[in-house]
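Participant: the sequence and its predicted three-dimensional model are supplied below.
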Amino acid sequence: MAARFKSDFLNVLDQRGFIHQISDPDGLDALAAKGPITGYVGYDATATSIHIGNLITVTMLYWLQETGHKAISLMGGGTSMVGDPSFRDDQRKLLTVEQIASNIESIKRVYGRILRYDGANPAIMVNNAEWLLELKYVEFLRDVGRFFSVNRMLSFDSVKLRLDREQSLSFLEFNYMIMQGYDFVELNRRYGCVLQMGGSDQWGNIINGVDLSHRMEGPQLYALTTPLLTKSSGEKMGKSASGAVWLNGDLFSPYDFWQYFRNTEDADVGKWLKIFTRLPLDEIARLAVLQGNELNDAKKVLATEVTAIVHGRDAADKAAATAAATFEQGAIDLSLPTFELSRVELKAGIGLLSALVTAGLAGSNGEARRAIQGGAIRVNDEPVTDDRATLSEAHLLPEGVIKLSSGKKKHALLRAA
RNA sequence: GGGAGAGUGUCCCGAGUGGCAAAGGGGGCGGACUGUAAAUCCGCUGGCUUAGCCUUCGUAGGUUCGAGUCCUACCUCUCCCA
């Protein structure tokens, strides 16, 4: 692929499909080609984990670091107390200080796996609570607030949705973009940071920082955004049956994570390989041209590589092995999600409905019943159509477990204890 | 402070004007077809000890045999006037 930029950094991002908009491509390129630059991405602490949408921008930080530059991951300890109104049609619930702190603790762990915070040229993690919480109101208004035009802020697409729907946009939320703009300037002062990256929905917020620096007679700053990732079928990337695809293993298991990528649509395999894995581009090109059934091999590579980045190589290999045993050999793999059942209960015979609920394959007896009636349920791979069926010791396989399945993809084991 | 309007199935949008477990979408799940893909078609999409019972339409009361629908108060949000 022809190099469009002079700097390795922008070439990598360009060739792997990360670039949506850059505020001044040539200026940024020249700067990055000349020497190391410092760039950051901000993350809100609105949940106990980040999700795969965030993984994209963390990966940009990875490439930033990898191409010899300095990466900053900014925790939004201060901004999360306000809540980003961008492209939302309602106000976020206000989080307590304790929630924010515990969310940050929980989120932090994931970054260490993806970015390197030690050794030569380490990435750094900063929390904007450090400076935002110290601000003096009137002082801040005079120093920073005077550079923001309300007329202009009202014209941003990010708040249009709210205004057009005649939904209230509180003054609190309205301040979010000012705070984020100020963060950029502050990071420039403290660390010489000149680049902020983010999703395309953050463009307005990032540009605010670039402008603010101008107006405060600071240095030229740069904005770079990624496209909003959608599947070829038009859906937003990152949603699964159980909600968001989280990176923390306790919210979304490595096995489920692996499965999520394994089920990528054909048309997206190449795109995802470039963005989510670190495989060389020529290898990706080779994988992406596979057709039909062979493309499934590329999907397995994708799933394993991404899982390895997020959960570690061991967890990735294990997930791949479990999937291979379950789907390809039709065997019982003991590392499928397993639930305990008391031996006494089993002896007496336990209703299939409640067994399905226990195994997490149904949310309620009613749901379990409908699944059975819809022909979705199998016990030890034998279809069951009677919703009054019971399980007993006779169902135990030689491995000492009972395998329950809902549909082709969801499996769980019950073990007598 | 005065006036007008909105809040529906704990995923979203959205009909409904005294008989409603509540139309229709989207999304999701399942089945068929395949390749653990997409597209297409079909079924399901409050809970339970399921010929029945219980809980749901912003909150709390009231009218009525019966209320999402009518009345009162309150909460939240919009818009107009001051």
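Facilitator: Structure's in. What do you need? Numbers count the residues shown, from 1 in each chain, chains lettered A, B, ... in the order given.
Participant: please count neighbours and contacts with C-alpha atoms only from this point.
Facilitator: Noted.
Participant: residue contacts, the residue located most distally from the centre of chain A?
Facilitator: Relative to the C-alpha centroid of chain A, counting by C-alpha atoms, centre = their mean, residue A:348 is the outermost residue, at 44.6 Å. By C-alpha atoms under 8 Å, 6 or more residues apart in numbering, the residues touching residue A:348 are residue A:392.
Participant: and it, how far from residue A:394?
Facilitator: 11 Å (C-alpha to C-alpha, to the nearest Å).
Participant: residue A:276 and residue A:54 touch, don't they?
Facilitator: No. Using C-alpha atoms under 8 Å, residue A:276 is not in contact with residue A:54, being 11.0 Å away.
Participant: next, the buried residues of stretch A:330-342.
Facilitator: A:332, A:333, A:334, A:336, A:338, A:339, A:341 (16 or more other C-alpha atoms under 10 Å).
Participant: one more: stretch A:181-189?
Facilitator: Of all the residues in stretch A:181-189, those buried under the rule 16+ other C-alpha under 10 Å are A:181, A:182, A:183, A:184, A:185, A:186, A:187, A:188.
Participant: give me the nearest residue to the third one, chain neighbours excluded.
Facilitator: What it means is residue A:183. residue A:128 (7.0 Å; C-alpha to C-alpha, 6 or more residues apart in numbering).
Participant: surely residue A:315 touches residue A:256?
Facilitator: No. Applying C-alpha under 8 Å as the test, residue A:315 and residue A:256 come out as separate, 11.3 Å apart.
Participant: the two: which has the busier surroundings?
Facilitator: residue A:315 (19 against 16; other C-alpha atoms under 10 Å).
Participant: helix, strand or coil for that one?
Facilitator: Taking DSSP: H, G, I helix; E, B strand; the rest coil as the rule, one finds residue A:315 in the helix state.
Participant: which pLDDT value belongs to it?
Facilitator: Looking at residue A:315, its pLDDT is 94.
Participant: cool, and residue A:330?
Facilitator: 73.
Participant: mind checking how far it is from residue A:377?
Facilitator: On the measure of C-alpha to C-alpha, residue A:330 and residue A:377 end up 16 Å apart.
Participant: ok, residue A:52 next?
Facilitator: For residue A:52, the distance to residue A:377 - C-alpha to C-alpha - is 30 Å.
Participant: and for residue A:320?
Facilitator: Distance from residue A:320 to residue A:377, by C-alpha to C-alpha: 24 Å.
Participant: for residue A:29, same thing?
Facilitator: 56 Å.
Participant: same question, residue A:326
Facilitator: 16 Å.
Participant: likewise for residue A:332?
Facilitator: 16 Å.
Participant: tell me the contacts of residue A:36?
Facilitator: Taking C-alpha under 8 Å, 6+ apart, one finds A:68, A:69, A:70 in contact with residue A:36.
Participant: so it, which state does it fall into?
Facilitator: coil.
Participant: tell me the pLDDT at the closest residue to residue A:44 other than its chain neighbours?
Facilitator: Sequence neighbours aside, residue A:76 is the residue nearest to residue A:44 in space, at 4.8 Å (criterion: C-alpha to C-alpha, 6+ apart). Per-residue confidence at residue A:76 stands at 92 (pLDDT).
Participant: I'd guess residue A:75 is in a strand, am I close?
Facilitator: Yes. Checked against three-state DSSP, residue A:75 lies within a strand.
Participant: per-residue confidence for residue A:101?
Facilitator: In this model, residue A:101 carries a pLDDT of 89.
Participant: immediately after the helix or strand harbouring residue A:355, which helix or strand?
Facilitator: Under the criterion of DSSP states H and E, residue A:355 resides in helix A:352-358. Beyond helix A:352-358 on the C-terminal side, the first helix or strand identified by DSSP H and E is helix A:365-373.
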